[in-house]
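Novice: Below are the sequence and a predicted model; questions follow.
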Amino acid sequence: MADIDKITGFEFEELVGRLLRNMGFIVEQTLLSADGGVDIIAYSKEPIFKGKYLIQCKRWSGVVGEPVIRDLYGVVLSQNANKGIVITNSYFSEKAIEFAENKNIELIDGNILSDLIKKYLDSQDNSSMSIDNIKDFKTNEDFDIDKYNYYREQMENDKRNKEKYLNLLKFLYSYIATKKYDIMYSGLINESCYIADEILTRFCNKDRDGLKLREVILNIKAFLYILMGNLDKSFETLKELKLLRPINTPTDGRITPTEYGSVRKDKHSLKESLKMFDTDFFSNAFVLRNLLIIFKGINFIEGSDYIKNLFIKGNENLLEMIRKGFIRYSFDPQLNDEISTLNKELLDKSIDDIYSGTEDKIYIPTEFYIEKIGGDYYGRIKYNNELFFNANDIIDNSLKNIDYQKQLTRIKFLMTL
């Protein structure tokens, strides 16, 4: 357990949170104040185990004594929780063990924790989630540890402030957007997912900006899962986002009347029209396109065809709505028809390029934020055609050394729901 002894108390809490998520719990890290000594609240929806669990994390060098257990037991009773659990890298005193007997209290010492990590982190998650990699990215000479510590401290000292979490997430994400592979695949992607989960738990509530933030963060998480090789989790996240439906965004953007004016004289020149997407553009569907390319790269035909059909059906729905007058690009019917035709050609070409293997760019979200226009909130995810990973690089880094067939089996099941 020497590696755990080197991490901070907050990192230990992160580790336990990740462990519980992999065990199937819904995890909520508590606020610093008024938590009654509870670090994590975990919920289970599974039969028999359904209910609320209160977890206290103790990364200690010495023995954990009875007072800690007694305090937690009082909170368990007052909150009517299923069970209180104390998890430590160390061990418990005899009095602590005696006090916990015949009570809804469970004690997890360092040896038990080590076994759980091997079972639920090292074996289930890919590459960088294990305890051996928790601190790797922080020791990389190209990683700005001072800035990381600053953002981390800001977040820890003000856990009710959404912007503090977003600042840390965007700082970590900057290493992904700039393709720092050594840092990315040494635990930074996993750290980013953890912070994203915290944002979802704490701030993505039922108000309008919270719901829009949820869409943006889930979209980013789906992209991060692709980078980690967790294809089934990415697919499931897209399902939660309701993106697994006919969607009318072609893989390289959609032409608008203003953009179309520059190519109208040669409206069938796809090469010219594609040049318009060399600059920044926004989309909520590119992560679906990215997953399509990965599926093709690993020869997952059922998944590839499933996503392709979503795009095709979505475009057919869009054309039908334009023909019926429910949607129009302009008041000029001829212009509407021309733009619709060009958009269909763009979509067809993009899909043909992906299926032929000539298109393997995994576009990187470069920015993400919430924008308020008038009284409405909009989630923005920004891309740039010049910023992308090659699919083979992602496959080599995250899928090469794992058996992902179980993931594909689960995706096939999710496609039936």
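Specialist: Alright, I've got the coordinates.
Novice: what are the ranges of the strands in the protein?
Specialist: 26-29, 40-44, 51-58, 83-88, 105-108, 280-282, 361-363, 367-373, 376-384, 388-390 (DSSP state E).
Novice: Of these, flag the one that's most buried.
Specialist: Neighbour counts (mean count of other C-beta atoms under 10 Å) averaged over each of the strands of the chain peak at strand 83-88, with a mean of 24. Quick note: C-beta positions are derived from backbone N, CA and C, even for glycine.
Novice: Could you verify my assumption that Arg208 touches Tyr377?
Specialist: Yes: applying C-beta atoms under 8 Å, one finds Arg208 in contact with Tyr377, separated by 5.0 Å.
Novice: returning to that earlier point: okay if I get the strands of the chain as a markdown table plus mean pLDDT and distance to Lys296?
Specialist: A markdown table is the format used below for those (pLDDT from 0 to 100; distance: least, C-beta to C-beta, whole Å):
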| stretch | mean pLDDT | distance to Lys296 |
| --- | --- | --- |
| strand 26-29 | 76 | 33 |
| strand 40-44 | 89 | 37 |
| strand 51-58 | 93 | 42 |
| strand 83-88 | 96 | 42 |
| strand 105-108 | 97 | 43 |
| strand 280-282 | 44 | 23 |
| strand 361-363 | 89 | 11 |
| strand 367-373 | 85 | 26 |
| strand 376-384 | 82 | 20 |
| strand 388-390 | 91 | 13 |
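Novice: can you pull the contacts of the residue nearest in space to the middle of the chain?
Specialist: For the chain, Lys221 is the residue whose C-alpha lies nearest the centre (C-alpha atoms, centre = their mean; 1.6 Å). Counting by C-beta atoms under 8 Å, 6 or more residues apart in numbering, Lys221 touches Cys193, Ala196, Asp197, Leu200, Thr237.
Novice: Now with 7 Å, please.
Specialist: Cys193, Ala196, Thr237 (C-beta atoms under 7 Å, 6 or more residues apart in numbering).
Novice: Distance check, it against Asp197.
Specialist: 8 Å (C-beta to C-beta, to the nearest Å).
Novice: of the strands of the chain, which approaches Gln154 most closely?
Specialist: strand 26-29 (16.0 Å; C-beta to C-beta).
Novice: okay, the closest one in PDB with CA atoms only?
Specialist: The C-alpha coordinates for strand 26-29 follow below in PDB (Å, rounded to 0.1, in the frame of the first residue of the first chain):
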ATOM      1  CA  ILE A  26     -23.800   6.700  -7.600                       C
ATOM      2  CA  VAL A  27     -21.300   8.900  -5.800                       C
ATOM      3  CA  GLU A  28     -21.600  12.300  -4.200                       C
ATOM      4  CA  GLN A  29     -18.600  14.000  -2.600                       C
END
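Novice: which residues does the nearest residue to Met23 once chain neighbours are set aside contact?
Specialist: Among residues not flanking Met23 along the chain, Tyr120 sits closest, at 5.4 Å (C-beta to C-beta, 6 or more residues apart in numbering). Residues near Tyr120 by C-beta under 7 Å, 6+ apart: Leu19, Asn22, Met23.
Novice: burial measure for Asp115, as a count.
Specialist: Asp115 has 11 neighbours, counted by other C-beta atoms under 10 Å.
Novice: Quickly note the distance from it to Ser304.
Specialist: Counting by C-beta to C-beta - Asp115 and Ser304 are separated by 39 Å.
Novice: can you check Lys412 too?
Specialist: 12 Å.
Novice: Equivalent analysis for Ile112, please.
Specialist: Taking C-beta to C-beta, one finds Ile112 at 43 Å from Ser304.
Novice: In terms of neighbours, single out the busier of those two.
Specialist: Neighbour count, other C-beta under 10 Å: between Ile112 and Ser304, Ser304 has more, with 21 against 13.
Novice: Verify the stated contact: that one with Ile294.
Specialist: No: assessed by C-beta atoms under 7 Å, Ser304 is found out of contact with Ile294, at 9.2 Å.
Novice: Chain neighbours aside, what residue packs nearest to Gly51?
Specialist: Asn82 (3.8 Å).
Novice: For that neighbour, grab the count of nearby residues.
Specialist: Neighbour tally, Asn82, other C-beta under 10 Å: 16.
Novice: what's near enough to touch it?
Specialist: Counted by C-beta under 7 Å, 6+ apart, Asn82 has contacts Gly51, Lys52, Tyr53, Asn104.
Novice: Output those residues in CSV; the columns should cover distance to Glu371.
Specialist: Below are the contacts of Asn82 laid out as CSV (distance: C-beta to C-beta, whole Å):
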residue, distance to Glu371
Gly51, 39
Lys52, 36
Tyr53, 38
Asn104, 47
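Novice: Do you have the helices of the stretch 251-400 of the chain handy? List them.
Specialist: 257-260, 270-274, 286-297, 301-323, 333-356, 391-398 (DSSP state H, counting those that start in this stretch).
Novice: Can you dump the C-alpha atoms of the fifth one in PDB for me?
Specialist: Taking C-alpha atoms only, helix 333-356 is exported to PDB below (Å, rounded to 0.1, in the frame of the first residue of the first chain):
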ATOM      1  CA  PRO A 333     -37.400  28.200 -52.100                       C
ATOM      2  CA  GLN A 334     -34.700  27.500 -54.700                       C
ATOM      3  CA  LEU A 335     -32.000  28.500 -52.300                       C
ATOM      4  CA  ASN A 336     -33.500  26.100 -49.700                       C
ATOM      5  CA  ASP A 337     -33.400  23.300 -52.200                       C
ATOM      6  CA  GLU A 338     -29.900  24.000 -53.200                       C
ATOM      7  CA  ILE A 339     -28.500  24.200 -49.700                       C
ATOM      8  CA  SER A 340     -30.400  21.000 -48.700                       C
ATOM      9  CA  THR A 341     -29.000  19.200 -51.700                       C
ATOM     10  CA  LEU A 342     -25.500  20.300 -50.900                       C
ATOM     11  CA  ASN A 343     -25.900  19.300 -47.200                       C
ATOM     12  CA  LYS A 344     -26.900  15.800 -48.300                       C
ATOM     13  CA  GLU A 345     -23.900  15.500 -50.600                       C
ATOM     14  CA  LEU A 346     -21.700  16.600 -47.700                       C
ATOM     15  CA  LEU A 347     -23.100  14.000 -45.400                       C
ATOM     16  CA  ASP A 348     -22.900  11.200 -48.000                       C
ATOM     17  CA  LYS A 349     -19.300  12.100 -48.800                       C
ATOM     18  CA  SER A 350     -18.300  12.300 -45.200                       C
ATOM     19  CA  ILE A 351     -19.800   8.900 -44.500                       C
ATOM     20  CA  ASP A 352     -18.200   7.400 -47.600                       C
ATOM     21  CA  ASP A 353     -14.900   8.800 -46.500                       C
ATOM     22  CA  ILE A 354     -15.200   7.300 -43.000                       C
ATOM     23  CA  TYR A 355     -16.200   3.900 -44.400                       C
ATOM     24  CA  SER A 356     -13.400   3.900 -47.000                       C
END
